[in-house]
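S.K.: predicted structure and sequence below. I'll ask about it afterward.
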Amino acid sequence: MIRFQKFLISSNINTSLCLISVITIFIAGLMANFENDFKKIIALSTLRQLGLIIIILSLGQCILAFYHLLTHAIFKSILFISAGSIIHSLKNNQDIRSLGNINKTIPFTIIRLLISNLALRGAPFFSGFYRKDLIIENVYTNRTINVLTLILIIISLMLTITYSTRFTYYLFFNKTIKFYRYIYIYIKENYTINLSIIIIILLRVSIGSLIN
């Protein structure tokens, strides 16, 4: 899509693509706020980011779209690796309602998941902050976007905060009876996965500012 960006602009398909992408990121964000499956929440988040890339492309910003693709790939890979590590540790349990207080059993994995979650929200000085700031700037200054589309984009970006907060709540603060308590002795940190996460997290912290 990035390679054919000039064709999209010249053929006027970009307007339709922008509208479809705005609806996509809004619906995906809404679904993520009510989803209980661990991996589906992350997958819906990925769908939202892909929709955001298409929105950027439809505005004629192919370099910014590629920049977003690079930074998103770094922190989303940590989310998926951490999610896989947690699911593996919990004997294939993917329900976030059963995940409260697992920072007591696998703290290093959860810390890295939280850092990546902060990047997803666009917290300052993380890779997600640099690209989200540029995207919002371009959306605000672009005169081809109407008010309704602009409002939907802003609401969609706010939905990222709400489902990330909900996700964090279930990981750390949900105090109900938990699935992991019955298999506590079997839950251990996977050191090979931890090492790979450390390498990627160092890239994620640095790559946003370096590319920027």
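M.R.: It's in. Bear in mind the structure is a predicted one, so any value in this text is a computation, not a measurement. Residues are numbered from 1 along each chain as shown.
S.K.: who are the packing partners of the top helix by length along the chain?
M.R.: Longest helix of the chain, by residue count under DSSP state H: helix 62-89. Other helices and strands packing on helix 62-89, by 3 or more C-beta pairs under 8 Å, 6 or more residues apart in numbering; DSSP states H and E, are helix 38-58, helix 107-121, helix 127-141, helix 191-211. C-betas here are computed from N, CA, C, even on glycine.
S.K.: with mean neighbour count and mean pLDDT as extra columns, can I get those helices in TSV?
M.R.: Below are those laid out as TSV (neighbours: other C-beta atoms under 10 Å; pLDDT from 0 to 100):
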stretch	mean neighbour count	mean pLDDT
helix 38-58	21	86
helix 107-121	20	77
helix 127-141	18	77
helix 191-211	15	67
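S.K.: to Ile20, which of these lies closest?
M.R.: Evaluated over those, closeness to Ile20 peaks at helix 38-58, with 7.8 Å, by C-beta to C-beta.
S.K.: what about the closest one, distance to the chain center?
M.R.: Taking C-alpha atoms, centre = their mean, to the nearest Å, the mean C-alpha location of helix 38-58 is offset from the chain mean by 8 Å.
S.K.: and it with helix 62-89, angle?
M.R.: Helix 38-58 runs at 180 degrees relative to helix 62-89, counting by axes from the mean of the first three to the mean of the last three C-alpha atoms, to 10 degrees.
S.K.: quick check: angle from helix 38-58 to helix 107-121?
M.R.: 30 degrees.
S.K.: what is the host helix or strand of Leu159 packed up against?
M.R.: Per DSSP states H and E, Leu159 falls inside helix 147-172. With contacts defined as 3+ C-beta pairs under 8 Å, 6+ apart, helix 147-172 has these neighbours: helix 14-32, helix 38-58, helix 107-121, helix 127-141.
S.K.: looking at those, which is closest to Ile155?
M.R.: With C-beta to C-beta as the measure, helix 14-32 is the member of these nearest Ile155 (6.6 Å).
S.K.: which parts of the closest one are buried?
M.R.: Residues of helix 14-32 classed as buried by neighbour count (16 or more other C-beta atoms under 10 Å): 14, 17-19, 21-22, 24-32.
S.K.: let's see it as PDB, backbone CA atoms only.
M.R.: Provided in PDB are the C-alpha atoms of helix 14-32 (Å, rounded to 0.1, in the frame of the first residue of the first chain):
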ATOM      1  CA  ASN A  14      -7.800   7.700  -1.000                       C
ATOM      2  CA  THR A  15     -11.100   9.400   0.100                       C
ATOM      3  CA  SER A  16     -12.900   6.100   0.300                       C
ATOM      4  CA  LEU A  17     -10.000   4.400   2.000                       C
ATOM      5  CA  CYS A  18      -9.800   7.100   4.600                       C
ATOM      6  CA  LEU A  19     -13.500   6.700   5.400                       C
ATOM      7  CA  ILE A  20     -13.300   2.900   5.600                       C
ATOM      8  CA  SER A  21     -10.200   3.100   7.800                       C
ATOM      9  CA  VAL A  22     -11.800   5.600  10.200                       C
ATOM     10  CA  ILE A  23     -14.800   3.200  10.600                       C
ATOM     11  CA  THR A  24     -12.400   0.300  11.000                       C
ATOM     12  CA  ILE A  25     -10.300   1.900  13.800                       C
ATOM     13  CA  PHE A  26     -13.500   3.000  15.600                       C
ATOM     14  CA  ILE A  27     -15.200  -0.400  15.600                       C
ATOM     15  CA  ALA A  28     -12.000  -2.300  16.400                       C
ATOM     16  CA  GLY A  29     -11.400   0.100  19.400                       C
ATOM     17  CA  LEU A  30     -14.900  -0.400  20.600                       C
ATOM     18  CA  MET A  31     -14.700  -4.200  20.300                       C
ATOM     19  CA  ALA A  32     -11.400  -4.200  22.200                       C
END
